[in-house]
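**Student:** Here's a sequence, model it:
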Amino acid sequence: MRPSSLRIALYEPEIAGNVGAVLRLGACLGVPVDLIEPLGFLWDDKRVRRTAMDYIDHVEVVRHAGWAAFRASIGDARLVLLTSKASQSPYDFGFAGDDVLLFGKESAGVPDAVADACAVRLRLPMRPGVRSFNLAMSAGIAVAEALRQTGGLPG
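**Tutor:** As a prediction, this is how the structure comes out:
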């Protein structure tokens, strides 16, 4: 049983290794992962399984044919976009246990229409002069903070 209904959503991810690492994160923390297609690699790509290893068998993964299909599947859940184009930190934000944490594609983030559909935009704090964290690293930081705040971290 999951500690909360928090979800990770990846918008059109391009790098199989990142997706594999996020699947492993989801398995370890009990958080389902939504993949919003198109993906930038073949799903049967052995790199996904190699990165996620046997953890892939311990995470709920849902693939969506596109943005509209994903939106229809989450109902009224609050979408929280993690983006380098925001100013608010996740450490100054109150997460809810049923938030959906959305991460954009590695090369371009999300289009404006997707960002506009999100209730909140958050930016992970980092030193000046660097552009962004890796997708999987961003997911790990944000998900851990959301679970910490909502009491959903595994024992």
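**Student:** The residue lying closest to residue 110 once chain neighbours are set aside - how many residues pack around it?
**Tutor:** Once flanking residues are discounted, residue 110 sits nearest to residue 104: 3.9 Å by Cβ to Cβ, 6 or more residues apart in numbering. Just so you know, the C-beta spots here come from the backbone N, C-alpha and C atoms, and that holds for glycine as well. Using other Cβ atoms under 10 Å, the number of residues around residue 104 comes to 24.
**Student:** separation between residue 104 and residue 38?
**Tutor:** When distance is defined by Cβ to Cβ, to the nearest Å, residue 104 is 14 Å away from residue 38.
**Student:** Report the set of residues contacting both of those two.
**Tutor:** Residues touching both residue 104 and residue 38 by Cβ atoms under 8 Å, 6 or more residues apart in numbering: residue 12.
**Student:** If you rank every helix and strand of the protein by mean pLDDT, what lands last?
**Tutor:** For the chain, counting by mean pLDDT, DSSP states H and E, helix 46-52 ranks last in confidence among helices and strands (a mean of 70).
**Student:** State the next helix or strand along the chain beyond that one.
**Tutor:** Proceeding N to C from helix 46-52, the next assigned helix or strand is strand 61-64, under DSSP states H and E.
**Student:** partners of that next one, with directions?
**Tutor:** Using DSSP bridges, the strands paired with strand 61-64 are strand 33-36 (parallel).
**Student:** quick one: contacts of the partner strand?
**Tutor:** Applying Cβ under 8 Å, 6+ apart, the external contacts of strand 33-36 come out as 7-13, 19, 22-23, 26, 59-64, 66-67, 70, 73-74, 100.
**Student:** Whichever of these end up buried, select them in PyMOL.
**Tutor:** Per 16 or more other Cβ atoms under 10 Å, the buried members of the contacts of strand 33-36 correspond to this PyMOL selection:
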select buried, resi 7+8+9+10+11+12+13+19+22+23+26+59+61+64+67+70+74+100
